[in-house]
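**Student:** Could you work out the structure for the sequence below:
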Amino acid sequence: MSLPRVVAVADGSPAARADLRPGDEIVALSGQVPRDVIQLQLLTDEADLELELNRGGLQFSVVVEKAAGEPLGAELASALFDRVQTCDNHCAFCFIYQLPPGMRKSLYLKDDDYRLSFLYGNFTTLTRFTEADLERVVTERLSPLYVSIHATDPEIRSRMLRNRRGATSLRWLRALLDAGISVHGQVVVCPGVNDAAVLHDTLAGVLDEYPELASVAVVPLGVSRWSHEATMRPHTPAEAVAVVEAVHEWQSVFHSVLGRRVVFAADEYYLLAGLPFPEAEAYEDFAMHEDGVGMARLLAEQWDEQVDAPPGESAGGATAGMVSVPDRGGAGPAGVSDRGGAALARGGFFAWVDGAPAQGYRAPRAPGPANSRPVADGAPVGVLTGAYGARVLGPLVEGLGRDDVRLVPVENRYFGGNIGVTGLLVGEDLARTLAGEPEGHRYLLPDVCLSDGVFLDGLTPADLPRPVEVVPVDGRSLRRALDRQPAAVAS
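**Tutor:** Numbers count the residues shown, from 1 in each chain. Below you'll find the model as predicted:
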């Protein structure tokens, strides 16, 4: 078990007043040793704390004077202080198995930890869930959670997870729902495995066995060029059409029975099928937009809002920058922590690997360090985006009628395959693309590409051959960025 290590202290906070410093390790808090940031947050909600600290090998105690409920004001290096509950499934579609060699070691860790589900929105299969876990979730009301379903047929689910416990682990889903825990589900659709009749059977099973689910995202399989699974392949356009039609059919059934649609297809399916995105009301509250469900429609809604409205507000209840509560940054294409589809989450894919959010687990991260250099006023603007993002943003940018704004699509050669989501762009591909772009222009980079200021391949914005301005991925923030001329941008 590692100790909680402080990496930043907010000015004027109780932690600052008590002289906590970056590098300090919290040995105990009011006599208790917290196992994760969830428990630490509960403990720090109390007034007047006693902290036992380790600073450079010297242990001592300090009293932190604070009001009950006042944030401590210390950002920690990680969310979990004990061992991460690793995943013992061996899913053919798991994206961890499809990562290139040579990435930092932490990215290859497969988790199946309900705490990371609560903290970051990672999807868990519940195959390692226990009675003790259920008791804690229910007692501390760790809600919502995110559960990978994939199939409700026990035999098919077990075969997909390559784990015999996959046939029975959804009993924990039933227990969570019975206890009033809000749960969002996910079905990663693998062609020839759990599509077609199996998908219809799964959605019928959801209605029959788990109607209390808050939502279910149906997302396509992501296949990188590093996949070694011969049976895993991308969808054909016809298969994508069939999935969308199945989802729409079951939306009607769910709505007639439960009064809500429950199941939603990822945006990527509409792009693959060449179909228009549904209207905003069809996504209800955009609950799964960070998993690529309704993100394109939400972005368009935000794009059309009054650009002079107060920052931090947006359509569908989402905040500027796509920050949700809890902050969700552990997303990836199908199989990353059993998440899937065209997910674009603020803070970057695998963000949970790179540290706990600032001020506890219900706040955005502090931005990573960046250098800057000036860009001339009135400089043309290039919006960096992935292949799918270009298809979504293209009509919006064209509608501006501005000849000084253009899209700069970036081909993802690093992962290859059918990986086209903006959140998986890496420094290597961005550097190659920007090297062929003119100097002196403004280049806008979606913040979803970065986790704590670092791309997945370990490069940073400072390594790019052109200066970039990191902007949130919501429509309003992008419009604001296009309409202003900053004095300097990250380099």
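**Student:** Restricting to C-alpha, output the helix or strand Leu407 falls within in CSV.
**Tutor:** Using DSSP states H and E, Leu407 falls within strand 405-409. Output of strand 405-409 as CSV, limited to C-alpha atoms (Å, rounded to 0.1, in the frame of the first residue of the first chain):
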residue,chain,number,x,y,z
VAL,A,405,-10.7,28.9,-40.2
ARG,A,406,-9.9,25.4,-41.4
LEU,A,407,-9.9,21.9,-40.0
VAL,A,408,-6.6,20.0,-39.8
PRO,A,409,-7.5,16.3,-39.7
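**Student:** Tell me the neighbouring strands of that strand, and mark each as parallel or antiparallel.
**Tutor:** Sheet pairing of strand 405-409 (DSSP bridges) gives strand 381-385 (parallel).
**Student:** about what we covered before: report the buried residues of the strand holding Leu407.
**Tutor:** Within strand 405-409, the residues scored as buried using 16 or more other CB atoms under 10 Å are 405, 407-409. Bear in mind the C-beta positions are built from the backbone N, C-alpha and C, glycine included.
**Student:** same question for that strand, mean pLDDT?
**Tutor:** Mean per-residue pLDDT for strand 405-409: 97.
**Student:** what's around Ser256, how many residues?
**Tutor:** Each residue near Ser256 was counted by other CB atoms under 10 Å, and the total is 8.
**Student:** how far away is it from Ala214?
**Tutor:** Ser256 is 19 Å from Ala214, where distance means CB to CB, to the nearest Å.
**Student:** Ala282 too?
**Tutor:** 16 Å.
**Student:** Give me the more crowded residue out of those two.
**Tutor:** More crowded of Ala282 and Ala214, by other CB under 10 Å: Ala214, with 19 against 13.
**Student:** Please compute how far the helix or strand hosting Asp429 lies from its chain's middle.
**Tutor:** In this assignment (DSSP H and E), Asp429 forms part of helix 427-435. How far helix 427-435 lies from its chain's middle: 23 Å, per CA atoms, centre = their mean, to the nearest Å.
**Student:** So what touches it?
**Tutor:** 384, 408, 410-414, 443, 445, 449, 455, 457-460, 463-466, 468 (CB atoms under 8 Å, 6 or more residues apart in numbering).
**Student:** count of neighbours near the closest residue in space to Leu49 that isn't next to it in sequence?
**Tutor:** Nearest non-adjacent residue to Leu49, counting by CB to CB, 6 or more residues apart in numbering: Val64, 4.4 Å away. Counted with other CB under 10 Å, the neighbours of Val64 add up to 25.
**Student:** Verify the contact between Val64 and Pro14 for me.
**Tutor:** Yes: using CB atoms under 8 Å as the test, Val64 is close enough to Pro14 to be in contact (5.0 Å).
**Student:** longest single helix anywhere in the chain?
**Tutor:** Counting by DSSP state H, the longest helix found in the chain is helix 237-258.
**Student:** Give me the buried positions along it.
**Tutor:** In helix 237-258, counting by 16+ other CB under 10 Å, buried: 239-244, 246-248, 250-251, 254.
**Student:** quick one: the helices in the stretch 251-400 of the chain?
**Tutor:** 267-273, 295-303, 387-399 (DSSP state H, counting those that start in this stretch).
**Student:** Fine, thanks again, bye for now.
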